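**Q** Dropping a prediction and its sequence here:
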Amino acid sequence: LDDAQFLGAIASQSLDALGTPSLTRCAYLCLRQGRREGMDRLLAEISAFQGRPGANRFAHETLAYFCMHMVHFYASSSGWSLDQPFAAFAGTCAQALDPFLYKRHYSEALLFSELAKMSLQLPDLCPLPTMLPRAAAAVLVPPGGHEAR
């Protein structure tokens, strides 16, 4: 499916599942509207998907935030233009599509908890990469220091 067809399938709820690769693609396409508006739309799409009878409950709020953040991080750090098709992004920033990327940051106990399904939970294994420009991050993280949580 091209990007327009994929968004149409999301809107018509014709996708069978909304796993990590699909959630990452949806996050990428929603991010084109800006982070806040894109996040609102991504959460709305997940909510609509989960409202379907027999829907796969894999996608949820914490995982949505994680996918949005990682797409934004990889796009920003590589100077990527979100105007490009998702397929091109996937070829350039393939690590964003790793279906197990979340395991570097979240324990399964936390990520699949009821709390994580209902509200944003911060990672318990490794903090998410910073979105701050390096100059700003250097002020917040002293040489040899650790990022503030």
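**A** Everything's here; your move.

**Q** if I pick the most centrally placed residue in the chain, what's in contact with it?
**A** Closest residue to the average C-alpha location of the chain: Cys67 at 1.2 Å, with CA atoms, centre = their mean. If you count contacts by CB atoms under 8 Å, 6 or more residues apart in numbering, Cys67 has them with Thr20, Leu23, Thr24, Cys26, Ala27, Leu42. For glycine as for every other residue, the C-beta is placed from the backbone atoms N, C-alpha and C.

**Q** Surely the second one is in contact with Leu63?
**A** Yes. The criterion here is CB atoms under 8 Å, and Leu23 meets it with Leu63 at 6.5 Å.

**Q** Ser107 reaches Gln121, doesn't it?
**A** No. Ser107 is beyond contact range of Gln121, at 10.5 Å (criterion: CB under 8 Å).

**Q** burial of the residue lying closest to Lys117 once chain neighbours are set aside, as a residue count?
**A** Nearest residue to Lys117, sequence neighbours excluded (CB to CB, 6 or more residues apart in numbering): His60, at 4.1 Å. Counted with other CB atoms under 10 Å, residues neighbouring His60 total 23.

**Q** Lys117 against Glu61, yeah?
**A** Yes. The pair Lys117 / Glu61 is scored as a contact, 6.7 Å apart, by CB under 8 Å.

**Q** Which residue ranges of the protein form helices?
**A** In the chain, the segments counted as helices under DSSP state H are 3-11, 20-31, 35-50, 61-77, 86-92, 108-111, 114-118, 134-140.

**Q** Return the most buried member of the ones you listed.
**A** Ranked by mean neighbour count, those are led by helix 20-31 with a mean of 23 (mean count of other CB atoms under 10 Å).

**Q** quick one: average pLDDT of it?
**A** Throughout helix 20-31, pLDDT has a mean value of 94.

**Q** Need the pLDDT of the residue nearest to Ala9 when sequence neighbours are not counted.
**A** Distances taken as CB to CB, 6+ apart put Leu15 closest to Ala9, at 5.1 Å, once the chain neighbours are dropped. For Leu15, the model assigns a pLDDT of 80.
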